[in-house]
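Trainee: just coords:
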Ligand SMILES: NC(=O)C1=CN([C@@H]2O[C@H](COP(=O)(O)OP(=O)(O)OC[C@H]3O[C@@H](n4cnc5c(N)ncnc54)[C@H](OP(=O)(O)O)[C@@H]3O)[C@@H](O)[C@H]2O)C=CC1
Ligand SMILES: O=C1O[C@H](COP(=O)(O)O)[C@@H](O)[C@H](O)[C@H]1O
């Protein structure tokens, strides 16, 4: 256990904290919002709540059934049982609900434990858009423990009933389970409670803890998860308060930390040092939601569970690797946040770099989280310092087409006038190790582009001494094999191969060996947050980021970020809805590469 203030694994005094402020470090990260932004965010939230209320769920029956649920829980509880000695450092338990086995997970005994999930920043955008829907989907699929409760915590004033309406306004039923979904929704909402409080007041957290304890009563032990869905400027104070006043007295306590983890190497180190005063590494779950996406989890399966790919997975056969992220909408509404970070910090330094690490790592000793993360960090540490000549930045400008006007980045009222913040970037990176020496890894991310997609494209070398060169239909030096892992939308893995066009004569064309998920697996794919929240419940850290990975990632990007900012390098403008700045094509051409998404734009039309 850490020095005082570290979130306690076991203690019995969590509820006895007086009226005092939590110990706080100096605020070093920029406050994320100014009052104008806060006001507009508040307006948006009220609107969200109003919409929720409009959906006309009746609250009274809900409360009645909440009482029934509690009576039932009390009837079933093992009264007077002593808290189990529990070490939160280990993978302790897995939900015992019906579906665990169906998902290939080990069912374990949750019958004696309660689980409380606290969403800190409960009135916010991420909570409503992602966290509640994921929790509900897990509940609906039978993946949450029997005795779970959800507690929203934020400064906004809300009753439990209003909170439930707020949650309900963001929920939808899955098609696969639509008939039962209404009842499930009511049951789920019955387990949701709201507690208003300040983020730096341990008295408020102690009161929250008391409410949690009342719901946890009767279980042998209670485990607690705090999801910090708040701006990074208040991560530490919340960790301090939760640690001081609301950690579990009898079970484990885990904390999910959202990105951004700092904005450069220095601020990352400061944040990390501060959080380490209150949380142990075992308690911290640093989320990168891209790691929770189906196709990213499948990346290692593809490589290590098949014989055909791994022998080709090196400089010997791979010409270049492209990791591409594009969105067909701008920063609308999030400009205030975005402008402090820009696309390199927002997407490339975390999501895309994590994908590269998983893609390029050596086979881990086992599927254990530490073994996987050891291999990822080796890749990050082997990366060559990024050269400014290998970086392109862009910013979208407004565009009017077919009578519609699409506003530019600078037209967003929450963006400071004249901002040079990049909304697009392309970077060429290299891994200085035996496997990847000389292979360009081209990363590209942009907002307000022509399409929404995220994919990995692996372009293979040409076939040596090709018999068919120059003779037939396609240029085989250009039509090399390409493996595409489409992360979203319409998840797919396909390999482009040269094939003989059937019939007389000998003509070749390019076809796909196609594993498009929707045509093969007739099922809804879980959202990344579902997978990740379930992993936190199970204590599985494979898909969460370790401190040394972040240290290496920031080490790579901080020098170029500083150079861009210090020299005030102007981004190349590109029209809203276009394919991005021309500079990205020159960057690829410098390494003899053509961007796969541009070269094969017809593939997108079929998505
Ligand atoms: N939204 C998204 O799509 C994504 C968000 N994230 C990260 O998740 C976290 C939460 O994001 P999001 O929900 O968008 O954030 P919000 O800006 O919506 O903030 C969440 C809540 O925190 C409180 N809050 C907001 N600003 C401040 C402030 N300056 N000081 C104190 N409290 C404040 C508000 O609650 P109240 O006023 O009621 O206390 C608000 O409802 C952030 O770290 C973000 O970077 C990561 C990926 C995507
Ligand atoms: O983390 C972030 O991700 C989203 C994109 O996530 P996706 O799952 O919808 O692809 C991005 O819009 C946002 O700017 C960034 O902060």
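Mentor: Done, it's in. No experiment lies behind these values; they were computed from the predicted model shown. Ligands and ions are numbered 1, 2, ... in the order given.
Trainee: State the distance from residue 594 to ligand 1.
Mentor: Using Cβ to the nearest ligand atom, to the nearest Å, residue 594 is found at 31 Å from ligand 1. All C-beta spots, glycine's among them, are computed from the backbone N, C-alpha and C.
Trainee: residues touching the spatially closest residue to that residue that is not a sequence neighbour, list them.
Mentor: Using Cβ to Cβ, 6 or more residues apart in numbering and skipping residues adjacent in sequence, the residue nearest residue 594 is residue 588, 6.2 Å away. Residue 588 makes contacts with 426, 428, 442, 594, 595, as judged by Cβ atoms under 8 Å, 6 or more residues apart in numbering.
Trainee: what sits against the last one?
Mentor: Which is residue 595. By Cβ under 8 Å, 6+ apart, residue 595 lies in contact with 322, 324, 442, 444, 584, 585, 588.
Trainee: how about CSV for the residues you listed, with secondary structure added?
Mentor: Listed next are those as CSV, based on DSSP: H, G, I helix; E, B strand; the rest coil:
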residue, secondary structure
322, strand
324, strand
442, strand
444, strand
584, helix
585, helix
588, helix
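Trainee: among those, which ones are buried?
Mentor: Neighbour counting by 16 or more other Cβ atoms under 10 Å classes 322, 324, 442, 444, 584, 585, 588 among the contacts of residue 595 as buried.
Trainee: For the residue lying closest to the fifth one once chain neighbours are set aside, the count of nearby residues, please.
Mentor: Counting by Cβ to Cβ, 6+ apart, residue 584 lies nearest to residue 426, which is 4.0 Å off, once chain neighbours are set aside. Residue 426 sits with 26 neighbouring residues when counted by other Cβ atoms under 10 Å.
Trainee: Going by neighbour count, list what's buried in whatever helix or strand residue 426 lives in.
Mentor: If you go by DSSP states H and E, residue 426 is part of strand 424-429. Under the neighbour-count criterion of 16+ other Cβ under 10 Å, strand 424-429 has 424, 425, 426, 427, 428, 429 buried.
Trainee: Surely residue 575 and residue 399 touch.
Mentor: Yes: applying Cβ atoms under 8 Å as the test, residue 575 and residue 399 come out as touching, 4.2 Å apart.
Trainee: Could you check which of these two has the larger neighbour count?
Mentor: residue 575 (19 against 16).
Trainee: what pairs with the more buried one across the strands?
Mentor: As for beta bridges, residue 575 partners with residue 397 under DSSP bridges.
Trainee: how about the strands in the stretch 501-607 of the chain?
Mentor: Assigned by DSSP state E, counting those that start in this stretch, the stretch 501-607 of the chain shows strands spanning 508-516, 572-575.
Trainee: what's the answer for the stretch 351-500 of the chain, then?
Mentor: Using DSSP E, counting those that start in this stretch, strands in the stretch 351-500 of the chain cover 391-397, 399-401, 404-406, 424-429, 441-446, 453-460, 482-488, 492-500.
Trainee: Where does the prediction get shaky in the stretch 401-550 of the chain?
Mentor: Across the stretch 401-550 of the chain, the ranges flagged by pLDDT under 70 are 470-478.
Trainee: Closest residue of it to ligand 1?
Mentor: In the stretch 401-550 of the chain, no residue comes nearer to ligand 1 than residue 529, which is 9.7 Å away by Cβ to the nearest ligand atom.
Trainee: so that residue touches residue 129, yeah?
Mentor: No: the criterion here is Cβ under 8 Å, and residue 529 misses it with residue 129 at 9.3 Å.
Trainee: Tell me which of these two has more neighbours.
Mentor: Between residue 529 and residue 129, counting by other Cβ under 10 Å, residue 529 is the more crowded of the two (23 against 13).
Trainee: Need the nearest residue in space to that one, chain neighbours excluded.
Mentor: Using Cβ to Cβ, 6+ apart and skipping the chain neighbours, the partner closest in space to residue 529 is residue 134 (3.9 Å).
Trainee: The helix or strand hosting that neighbour near ligand 1 at all?
Mentor: Taking DSSP H and E as the criterion, residue 134 maps to helix 132-140. No: Helix 132-140 is not in contact with ligand 1 by Cβ under 6 Å from any ligand atom; minimum separation 11.4 Å.
Trainee: Give the other helices and strands that the next helix-or-strand element following that helix contacts.
Mentor: Downstream of helix 132-140, the next assigned helix or strand under DSSP H and E is strand 148-154. Taking 3 or more Cβ pairs under 8 Å, 6 or more residues apart in numbering; DSSP states H and E as contact, the helices and strands that strand 148-154 lies on are strand 113-120, helix 132-140, strand 192-196, helix 202-216.
Trainee: For the ones you listed, could you give me CSV that also reports distance to ligand 2 and mean pLDDT?
Mentor: As requested, the helices and strands packed on strand 148-154 are exported to CSV (distance: least, Cβ to the nearest ligand atom, whole Å; pLDDT from 0 to 100):
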stretch, distance to ligand 2, mean pLDDT
strand 113-120, 18, 96
helix 132-140, 12, 95
strand 192-196, 24, 98
helix 202-216, 27, 97
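Trainee: Flag every residue of the stretch 151-300 of the chain that's near ligand 1.
Mentor: 154, 155, 156, 199, 229, 230, 231, 232, 234, 258, 259, 260.
Trainee: could you dump those to TSV with pLDDT?
Mentor: Listed next are those as TSV, based on pLDDT from 0 to 100:
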residue	pLDDT
154	98
155	98
156	97
199	98
229	97
230	96
231	93
232	92
234	96
258	94
259	91
260	91
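Trainee: which of those residues lies closest to ligand 2?
Mentor: residue 259 (6.5 Å).
Trainee: The closest one contacts residue 287, correct?
Mentor: Yes: contact criterion Cβ under 8 Å: residue 259 and residue 287 qualify, at 6.7 Å.
Trainee: quick one, which of these two is more surrounded?
Mentor: Neighbour comparison, residue 259 and residue 287: the larger count goes to residue 287, with 25 against 18 (by other Cβ under 10 Å).
Trainee: mind checking how far the more buried one is from residue 489?
Mentor: 21 Å (Cβ to Cβ, to the nearest Å).
Trainee: Skipping its backbone neighbours, what lies nearest the residue in the stretch 351-500 of the chain that ligand 1 sits nearest to in space?
Mentor: Proximity of the stretch 351-500 of the chain to ligand 1 (Cβ to the nearest ligand atom) peaks at residue 351, 9.7 Å away. Sequence neighbours aside, residue 290 is the residue nearest to residue 351 in space, at 3.9 Å (criterion: Cβ to Cβ, 6+ apart).
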